[in-house]
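Q: only geometry, no sequence info:
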């Protein structure tokens, strides 16, 4: 090691831990450090380089997670053998940016995140899980075993105004939809409960309610979300037990509820003893106001996931109950599925706890914003509701187009999108509008081409419909 660092780090810019990691990588690449070579103890190398032990430890951790080093308890840190074929560069290619000029098909049904490095990180974390404690692969999950995971989730959610909570309040779920079902199982009572949703809302609310044999009733909404007057009116007519809302990113319209509106909804909910279930799975940016769990800590429930932030593939979500109901929510999850599989829980800990995870989430957000801007540049001349931090846009169709007809016409052009009908209740009325999701699996050029084809359709409606 003396030949790598005679006395100090290179005099270049950047965090010191990255300089240490880079120097070790270079030494491994040039064979100055052979497979099996033992690295100096953290404190010894820190003293030699005149940096803190924590800086060296962080560099070692990063390289261990990359598979370049191997830490052996009681023995030290060693240069790891070469990666297995599963982790070779041939498998590290990005899954997005497919741009086949002969394939005009583009799915805009649901947001598809770009790979900005999270695939490589997930692969690295999976490799660590594979080398983990054998007991993890042979025992039933226990709550104590998940404590480190829940602590990482607390840090992950720390910047969001959720009200007071600790690791004991976190319930790990199989994605946001699983979280919603677990909350319903905890909240709803009786053979035929009533659940309220906005007139246009995420279809998963309705499906989760149906699983609980609930009647799902729509409430009128405006551009700021649920109408407090309409909510009060419905509650006078029904014995509704809960309402599902998405105040940060209303799905499908992309609207949001300002603080004053949220306070009005809380006032009505308290008047009628209504539980408020908040779905926060589509938020990619900063919160615009405190969530319902913070505004109404006695009746606010919260569900979120990593599906629109890092990846939907892992099916990892989080649910929070009002403080006095945390035990009830935890029991619903434990009785329903015991908990996440321990290898998946450990993968979640490594992924969300990795120092690169926040930057990856920010990079995903920025990249998706580029797709939104392409959509706005192409379709901005129409009635379009959009935000650069929301992975879809809401298009109110011009005169001459019905939503079902437009969706069919788009599909003939190889573009799949969602009609407003898919977000309305069965007995509700849907506007002539469509939701267009961003697809980070195709190049910006191919996505722009799809947007221009949609604009051509909008410019040439099949008929003029008088209104």
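A: Here it is on my side, so go on. Small disclaimer: the values here were computed from a predicted structure and weren't measured. Numbers count the residues shown, from 1 in each chain.
Q: give me the below-cutoff pLDDT ranges for the protein.
A: Flagging of the chain using pLDDT under 70 yields the residue ranges 1-13, 83-104, 463-467.
Q: can you list the domains in it?
A: 16-82, 85-139+355-467, 142-340 (automatic domain parsing).
Q: so which of these is nearest residue 349?
A: domain 142-340 (4.5 Å; C-beta to C-beta). Quick note: C-beta positions are derived from backbone N, CA and C, even for glycine.
Q: and the closest one, end to end?
A: Distance between the boundary residues of domain 142-340 (C-alpha to C-alpha, to the nearest Å) amounts to 10 Å.
Q: distance from the chain centre to it, please.
A: Computed by C-alpha atoms, centre = their mean, to the nearest Å, the chain-centroid distance of domain 142-340 equals 15 Å.
Q: ok, now stretch 359-367?
A: Here the centre of stretch 359-367 is set off from its chain's centre by 11 Å, with C-alpha atoms, centre = their mean.
Q: so which bits of that stretch are buried?
A: 360, 361, 364, 365, 367 (16 or more other C-beta atoms under 10 Å).
Q: and for stretch 448-456?
A: Neighbour counts over stretch 448-456 (16+ other C-beta under 10 Å) mark 448, 449, 450, 451, 453, 454, 455 as buried.
Q: again, but for stretch 262-274
A: Buried residues in stretch 262-274, defined by neighbour count with 16+ other C-beta under 10 Å: 262, 264, 265, 266, 268, 269, 272, 274.
Q: select the longest helix from the protein.
A: Assignment by DSSP state H gives helix 357-379 as the longest helix of the chain.
Q: list the strands paired with the helix or strand just after it, with their directions.
A: Once helix 357-379 ends, the next helix or strand along the chain (criterion: DSSP states H and E) is strand 383-385. Paired neighbours of strand 383-385 in the sheet (DSSP bridges): strand 392-396 (antiparallel).
Q: and the partner strand, how far from the chain's centre?
A: The answer for strand 392-396 is 20 Å, by C-alpha atoms, centre = their mean.
Q: report the angle between it and helix 357-379.
A: Calculated by axes from the mean of the first three to the mean of the last three C-alpha atoms, to 10 degrees, strand 392-396 forms an angle of 20 degrees with helix 357-379.
Q: could I get the buried residue list for the helix or strand following strand 392-396?
A: Using DSSP H and E, the helix or strand that follows strand 392-396 towards the C-terminus is helix 403-412. Burial within helix 403-412, assessed by neighbour count using 16+ other C-beta under 10 Å, is assigned to 403, 405, 406, 407, 409, 410.
Q: what do you get for stretch 335-346?
A: Quick answer for stretch 335-346 (16+ other C-beta under 10 Å): 339, 340, 342, 344, 345, 346.
Q: contacts for it?
A: 129, 132, 136-137, 139-143, 145-146, 149, 172-174, 182, 185, 314, 316, 333, 348 (C-beta atoms under 8 Å, 6 or more residues apart in numbering).
Q: hmm, which of those are the buried ones?
A: Among those, those buried by neighbour count (16+ other C-beta under 10 Å) are 129, 141, 145-146, 149, 172-174, 182, 185, 314, 316, 333, 348.
Q: save those as TSV, and put in distance to residue 35 too.
A: Output for the buried ones among the contacts of stretch 335-346, formatted as TSV (distance: C-beta to C-beta, whole Å):
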residue	distance to residue 35
129	22
141	35
145	33
146	35
149	32
172	37
173	41
174	39
182	46
185	51
314	31
316	34
333	44
348	30
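Q: one step back: nearest to residue 42, of the buried residues of helix 403-412?
A: Nearest to residue 42 among those, with distances taken as C-beta to C-beta, is residue 410, at 57.6 Å.
Q: that closest one contacts residue 418, correct?
A: No. Residue 410 is beyond contact range of residue 418, at 10.4 Å (criterion: C-beta atoms under 8 Å).
Q: now for those two: what residues contact both?
A: Overlap of the contact sets of residue 410 and residue 418 (by C-beta under 8 Å, 6+ apart) consists of residue 434.
Q: could you dump the buried residues of helix 403-412 to a markdown table with distance to residue 196?
A: Shown next, in a markdown table, are the buried residues of helix 403-412 (distance: C-beta to C-beta, whole Å):
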| residue | distance to residue 196 |
| --- | --- |
| 403 | 24 |
| 405 | 31 |
| 406 | 29 |
| 407 | 28 |
| 409 | 34 |
| 410 | 32 |
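Q: from the buried residues of stretch 448-456, which ones fall inside helices?
A: Mapping the buried residues of stretch 448-456 onto helices (DSSP H) picks out 448, 449, 450, 451, 453, 454, 455.
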